[in-house]
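Asker: Structure, please.
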Amino acid sequence: MANLGALPGDADSFATGLNNSGQVVGYAQGPQDAFVYSNGTMTEVPTAFLGNSSASGINNSGTVVGWSTTTSASQETAFVYSGGTKTNLALGTAFSYATAINSSGQVVGDAGSTVGEGFVYSNGTITYLGNLPGAGGGSDPTSINDSGVIVGDSNDGNGHGIAFIDTAGTMTSLKTLGGTTSEANGINNTGQVVGWSYTVNGTQEAIVYSSGNGMQDLNTLYSALLVSGGTGSKDGFTSLSDATAINNLGDIVGDGTYWNGTTDQHQAFVLNPIATPEPSTWAMVLGGFVLLTLWRMRACWLRG
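Answerer: Okay, the predicted model is just below:
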């Protein structure tokens with residue numbers, strides 16, 4: 001697990017997107033500024049106006065999407081950032097947020113005049129999503145993979161957001177860790193989903209979801225990586241509250257509470273899976289010995 005730090009002059013950072021090259025996007029606070037993290041360096045995404053901004057997604061070509069305030073400090077507009085150029089998406093709505101982009105350039109996000117609606121933007125055409133069956137209030141898509149599978153959260157009809165996965169226009173609930181609310185933030189091309197959920201005790205926990213294992217708590221899966229906060233304790237993350245993106249290699253980024261030896265900070269993290277160790281030398285020798293023994297037995301059998 002690595003701490004990504006923050007932009008100069010900012011104290012906190014939040015990672016929100018990740019591609020297969022390990023480039024990370026997100027925002028740092030104080031004020032809120034979008035960033036791209038690449039090869040150990042965090043760089044601010046330039047915006048045309050003084051105000052808040054956030055980078056939400058990045059595809060494998062390095063194209064970034066997010067939102068920034070325009071001439072009006074209260075008006076957020078979705079943008080696409082590529083090759084040093086930032087372009088606002090003209091969706092014809094009062095506000096818009098772009099949350100993710102896939103390798104085909106399909107963008108998902110939220111847009112509207114007074115109430116936001118989830119959308120997919122592709123080749124200049126915008127298509128609005130529905131919501132979970134039996135519920136109302138729209139949906140908030142957060143990620144889309146290269147197959148066009150979308151995840152996010154949708155109103156459950158009781159005022160709570162529930163994580164969903166949308167495949168070919170069919171939206172399915174991912175449920176929760178026992179609490180009232182959950183959100184899916186990222187999906188990779190193998191269908192692994194990350195996000196967060198409230199537990200039955202009301203705590204917010206980072207989660208990972210797969211069709212075979214259902215929804216799992218990252219704090220439980222990787223408890224050995226966490227430390228206990230307090231004076232004199234070892235520094236490190238004490239809890240993981242949100243998982244925001246996962247790439248095809250299984251790298252996960254998000255944010256949580258980090259104890260620096262003196263105080264708690266909210267910091268971005270990246271979890272990298274550990275590769276399966278190569279066979280040891282003695283195992284290779286033993287394998288060769290077994291093969292050699294079998295070959296000699298076969299030779300003796302052929303000689304009668």
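Asker: measure residue 181 to residue 261 for me?
Answerer: From residue 181 across to residue 261, the span is 33 Å (Cβ to Cβ, to the nearest Å). In short, each C-beta sits where N, CA and C put it, glycine included.
Asker: neighbour-wise, which of those two wins?
Answerer: Taking other Cβ atoms under 10 Å, residue 181 and residue 261 do not tie; residue 181 has more neighbours (18 against 12).
Asker: Please name the bridge partners of the spatially most central residue of the chain.
Answerer: The centroid of the chain falls nearest to residue 245 when counting by Cα atoms, centre = their mean (1.1 Å). Beta-bridge partners recorded for residue 245 (DSSP bridges): residue 253.
Asker: so it makes contact with residue 14?
Answerer: No: Residue 245 is beyond contact range of residue 14, at 11.3 Å (criterion: Cβ atoms under 8 Å).
Asker: got the residue ranges for the strands in the stretch 201-304 of the chain?
Answerer: Per DSSP state E, counting those that start in this stretch, the stretch 201-304 of the chain carries strands over the ranges 204-210, 214-217, 236-246, 252-259, 264-271.
Asker: low-scoring pLDDT stretches of the stretch 51-200 of the chain, where are they?
Answerer: 70-74, 114-115 (pLDDT under 70).
Asker: same thing but at 90, please
Answerer: Confidence mapping of the stretch 51-200 of the chain against pLDDT under 90 gives the ranges 51-53, 68-77, 79, 81-97, 111-118, 121-139, 155-160, 168-170.
Asker: Okay, buried residues for stretch 112-121 please.
Answerer: Neighbour-count burial for stretch 112-121, counted by 16 or more other Cβ atoms under 10 Å, picks out 112, 116-121.
Asker: I meant stretch 84-92, not that one.
Answerer: 86, 89, 91.
Asker: Phi and psi next, for the last one.
Answerer: By that I understand residue 91. phi -100, psi -10 (degrees, to the nearest 10).
Asker: Hmm, it is touching residue 119, no?
Answerer: Yes: under the criterion of Cβ under 8 Å, residue 91 makes contact with residue 119 at 7.4 Å.
Asker: rewinding a little: report the separation between the residue nearest to the centre of the chain and residue 60.
Answerer: Taking Cβ to Cβ, one finds residue 245 at 13 Å from residue 60.
Asker: same thing with residue 45?
Answerer: Counting by Cβ to Cβ, the gap from residue 45 to residue 60 is 18 Å.
Asker: And residue 280, what's its pLDDT?
Answerer: Looking at residue 280, its pLDDT reads 45.
Asker: Apologies, that question was intended for residue 292.
Answerer: On the pLDDT scale, residue 292 gets 30.
Asker: show me where this protein has helices.
Answerer: 218-221, 281-302 (DSSP state H).
Asker: helices or strands up against the first one?
Answerer: With contacts taken as 3 or more Cβ pairs under 8 Å, 6 or more residues apart in numbering; DSSP states H and E, helix 218-221 sits against strand 204-210, strand 236-246.
Asker: any chance of those in a markdown table, with distance to residue 30 too?
Answerer: Output for the helices and strands packed on helix 218-221, formatted as a markdown table (distance: least, Cβ to Cβ, whole Å):
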| stretch | distance to residue 30 |
| --- | --- |
| strand 204-210 | 23 |
| strand 236-246 | 19 |
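Asker: Of those, which is nearest residue 189?
Answerer: Closest to residue 189 of the helices and strands packed on helix 218-221 is strand 236-246 (Cβ to Cβ; 10.1 Å).
Asker: looking at the sheet around residue 119, what are its partners?
Answerer: residue 109, residue 128.
Asker: so what's it up against?
Answerer: By Cβ atoms under 8 Å, 6 or more residues apart in numbering, the contact set of residue 119 is 91, 108-111, 126-129, 141.
Asker: And for residue 143?
Answerer: 57, 99-100, 108, 150-152, 184-187, 245.
Asker: what do you get for residue 85?
Answerer: Taking Cβ under 8 Å, 6+ apart as the definition, residue 85 has no contacts.
Asker: Look up how far residue 99 lies from it.
Answerer: 20 Å.
Asker: of all the contacts of residue 143, which comes closest to residue 257?
Answerer: Closest to residue 257, out of all of the contacts of residue 143 and judged by Cβ to Cβ, is residue 185, at 17.9 Å.
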